[in-house]
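Student: for reference, the sequence and a predicted model appear below.
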Amino acid sequence: MPTRGNSSSSEKKKPVLYIRTFGCQMNVRDTEVVCGLLKRQGYKITEEAGEADIIIFNTCSVRQHAEDKVWSEIGKYAKLRTPYSVRRTHNQRPIIGLIGCMAQNYKEQIFQRAPSVDFVVGSSDIHKIPSILKRLAIDHRPSTIDPLFQVKIWETDGSKRPEEIYHTGYYQDKDHAYVVISEGCSNYCSYCLVPYVRGDLHNRDYKEILKEIEEAIDNGINKFTLLGQNVNAYQSTVSFVQLLKLVNGIKGLEEFSFITSHPKDTSVELFQAMQDLEKLKKYLHLPVQSGSDKILKLMNRGYSRRFYLDLVQNYRKIVKEGLLTTDIIVGFPTETDKDFQETYDLVKGAGFNAAYIFKYSVRPHTAAENMPDDVAKVDKERRHKEILGLQKEISRKKR
Ligand code: SAM
Ligand code: SF4
């Protein structure tokens, strides 16, 4: 790699990285992957943006609100001046990168909307970040570099992630690790951007998953969460339930759970495994999204209200004292007061321990983008408040 500018002892100092993470556990794990890859190259990780030479936003596009937050934050961070740069020039800002779902969603358009962003990397390409930073000359930044970094780099080719990225051994917690068992999702729920930004479902080889867990146990970690956007659709040469049994048998592992399950891939066999496997937490996050058959159909969820309620009944019967949580979207296109009432009644009857309630927001590329976003904002807010109030009361009684 050719170097630009003079080399001096201060130039050998390793750059400092700060990552801001938005969104789900999958992003939390991706942040660890990036930290692990860069730490291997000798980079230092900081929790103080003001100390950083490189600032990375690991973004979420699931709802409009999540994106709005990122756009407003980028501007603030671009005003920072890096201590590293101050030593060599004056007034130099950190290198700014944007990764995650927004990177895949907006690609190079990000440079127009946020000119201070220097590189954009999609979810499938995060392993390229060390070489991208080299190309941006962070290791060998000459004193004459243009403070606005005219070089702009974007990588979003959507290919499969290399397996090595999960084996850097970097985890934020001392005793708990997220382990990705599958990436992407092929369900194409009509409101959801995930398949478009994370690609179709891809299952990791079960032997690699077990190896990653064993490596983490060697580093002192003993609690695990298996991750997937549709975690219980996992299928490689072993099924999801077989994988749970294999993980349960790992020596040194104390406790594990999995998230997020899709009702259509949930079975009595899974509940039985949850009851029988002594290390598996009796906890199921099972998003219902709506209690109305009409809305479930429009959402392309692939199950009915009755099917979901039967699952709940079986779960309660088989998994003793099992915890149950859900996600709900209110204000989906064409949702009437009657549809909403069906969701309300379902929540009342199901007895969730917690529910995450979201107001519908239109997402680009999705099938629902072509449906009328016809539930008034005040109605979305009222319905959101009503279910939230109901669930709060239920959760309080369950404590
Ligand atoms: N894969 C998981 C599933 O199937 O439930 C989680 C997907 S998403 C990251 C988490 C939650 O965000 C969803 O369960 C849904 O309730 C909500 N969500 C997704 N798209 C949305 C949208 N366009 N508007 C509002 N909420 C949305
Ligand atoms: Fe999105 Fe549906 Fe896949 Fe969940 S199952 S990630 S809501 S498409």
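Tutor: The structure has been received and is ready for your questions. Ligands and ions are numbered 1, 2, ... in the order given.

Student: give me the element residue 312 is part of.
Tutor: helix 305-318 (DSSP states H and E).

Student: for the one residue in the stretch 51-200 of the chain that gets nearest to ligand 1, helix, strand, or coil?
Tutor: Nearest to ligand 1, among the residues of the stretch 51-200 of the chain, is residue 191, at 4.0 Å (C-beta to the nearest ligand atom). Every C-beta, even on glycine, is put in place using the N, C-alpha and C of the backbone. The three-state assignment at residue 191 reads coil, by DSSP: H, G, I helix; E, B strand; the rest coil.

Student: so what pLDDT did it get?
Tutor: If you check residue 191, the pLDDT there is 98.

Student: residue contacts, it?
Tutor: Listed by C-beta atoms under 8 Å, 6 or more residues apart in numbering, the contact set of residue 191 reads 299, 329, 332, 360, 363, 366, 368.

Student: ok, and the most crowded of those?
Tutor: Per-residue neighbour counts (other C-beta atoms under 10 Å) across the contacts of residue 191 peak at residue 332, which has 27 neighbours.

Student: quick check, that one in contact with residue 295.
Tutor: Yes - applying C-beta atoms under 8 Å, one finds residue 332 in contact with residue 295, separated by 5.4 Å.

Student: in this structure, where's the longest strand?
Tutor: Ordering each strand of the chain by length in residues (DSSP state E) puts strand 323-330 first.

Student: buried ones in the next helix or strand along the chain from that strand?
Tutor: Using DSSP H and E, the helix or strand that directly follows strand 323-330 along the chain is helix 337-350. For helix 337-350, the neighbour count (16 or more other C-beta atoms under 10 Å) marks 339, 340, 342, 343, 344, 346, 347, 350 as buried.

Student: name the SS class of the nearest residue to the second one once chain neighbours are set aside, please.
Tutor: Spelled out, it's residue 340. Nearest non-adjacent residue to residue 340, counting by C-beta to C-beta, 6 or more residues apart in numbering: residue 383, 5.1 Å away. Taking three-state DSSP as the rule, one finds residue 383 in the helix state.

Student: and the pLDDT for whatever residue of the stretch 1-150 of the chain ends up closest to ligand 2?
Tutor: Closest residue of the stretch 1-150 of the chain to ligand 2, C-beta to the nearest ligand atom: residue 62 (8.0 Å). Predicted confidence (pLDDT) for residue 62: 91.

Student: if I pick it, what's in contact with it?
Tutor: Contacts of residue 62 by C-beta under 8 Å, 6+ apart are 23, 24, 101, 192, 193, 194, 363.

Student: ok, now how distant is residue 290 from residue 174?
Tutor: 39 Å (C-beta to C-beta, to the nearest Å).

Student: ditto for residue 45
Tutor: 15 Å.

Student: cool, and residue 333?
Tutor: Distance from residue 333 to residue 174, counting by C-beta to C-beta: 45 Å.

Student: the two: which has the busier surroundings?
Tutor: Per other C-beta under 10 Å, whichever of residue 333 and residue 174 has more neighbours is residue 333, with 19 against 10.

Student: and the more buried one, what's its pLDDT?
Tutor: We have a pLDDT of 98 for residue 333.

Student: now residue 90
Tutor: Note for residue 90: predicted pLDDT of 42.

Student: then residue 357?
Tutor: Residue 357 carries a pLDDT score of 97 in this model.

Student: so residue 379 belongs to a helix, correct?
Tutor: Yes - assessed with three-state DSSP, residue 379 lies in a helix.

Student: my guess is it meets residue 331, correct?
Tutor: Yes - using C-beta under 8 Å, residue 379 is in contact with residue 331, at 6.5 Å.

Student: contact residues of this structure facing ligand 1?
Tutor: Applying C-beta under 6 Å from any ligand atom, we find that the chain lies next to ligand 1 at 24, 62-63, 191-192, 194, 229-230, 260, 262, 287, 289, 327, 329, 358, 360-361, 363.

Student: one more time with 8 Å, if that's ok
Tutor: Those residues of the chain that sit near ligand 1, judged by C-beta under 8 Å from any ligand atom, are 23-24, 26, 60, 62-64, 185, 187, 189, 191-194, 228-230, 260, 262, 287, 289, 327-329, 356, 358-363, 366, 368.

Student: show me which of those are buried.
Tutor: Using 16+ other C-beta under 10 Å as the burial test, those include 23-24, 26, 60, 62-63, 185, 187, 189, 191-194, 228-230, 260, 262, 287, 289, 328-329, 358-361, 363, 366, 368 as buried.
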